[in-house]
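1. Could you look at this predicted model? Sequence included:
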Amino acid sequence: MMIFKDSHKEWQPIAGYAWEKGWHFDKREKFRVGLGFTAGITARKDFANYVPLPIVLPIFSASYNNVNMQFTYIPGTYNNGNVLFGWLRYSF
């Protein structure tokens, strides 16, 4: 579950699941890149006043030890959307 402010400064919740396949590029397995997908439900104020929307989006990441930078691409329409959304994740 995540909540953030969108480009209109309105709160946007999202809940779902992400699956990612990872590859290590060093012998000590400290550096890793990943590719997968995320599926879930989100809602936006500017889309029918928070009616739930299902989503399926690609996900990719780069990590070092326990710090993981993850990204997804949100496609849009003409002059609307096309967002590269990123967040930082730390694993204990």
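-> Yep, that arrived.
2. what kind of secondary structure is the nearest residue to Met2 once chain neighbours are set aside in?
-> Of all residues not flanking Met2 in the chain, Ile14 sits nearest, at 5.2 Å (CB to CB, 6 or more residues apart in numbering). No exception for glycine: its C-beta is placed from N, CA and C like everyone else's. The three-state assignment at Ile14 reads strand, by DSSP: H, G, I helix; E, B strand; the rest coil.
3. And Ile14, how far from Gly76?
-> For Ile14, the distance to Gly76 equals 16 Å [CB to CB, to the nearest Å].
4. neighbour count winner among the two?
-> Shown here are Ile14 and Gly76; by other CB atoms under 10 Å, Ile14 has more neighbours (17 against 10).
5. For the protein, which segments count as strands?
-> Assigned by DSSP state E, the strands in the chain fall at 2-5, 11-24, 31-42, 53-64, 67-74, 83-90.
6. Can I get the ones you listed in a markdown table including mean pLDDT?
-> Converted to a markdown table, those look like this (pLDDT from 0 to 100):
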| stretch | mean pLDDT |
| --- | --- |
| strand 2-5 | 90 |
| strand 11-24 | 95 |
| strand 31-42 | 97 |
| strand 53-64 | 96 |
| strand 67-74 | 95 |
| strand 83-90 | 93 |
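7. what sits against Ile3?
-> When contacts are counted by CB atoms under 8 Å, 6 or more residues apart in numbering, Ile3 touches 11-14.
8. of these, buried ones?
-> When these are checked for burial by 16 or more other CB atoms under 10 Å, the buried set is 12, 14.
9. okay, now the closest residue to Asn68 other than its chain neighbours: neighbour count?
-> Leaving aside its chain neighbours, Asn68 sits nearest to Arg89 (4.4 Å; criterion: CB to CB, 6+ apart). By the criterion of other CB under 10 Å, Arg89 has 11 neighbours.
10. now do Tyr17
-> 8.
11. ok, now how distant is it from Trp87?
-> From Tyr17 to Trp87 the distance is 15 Å (CB to CB).
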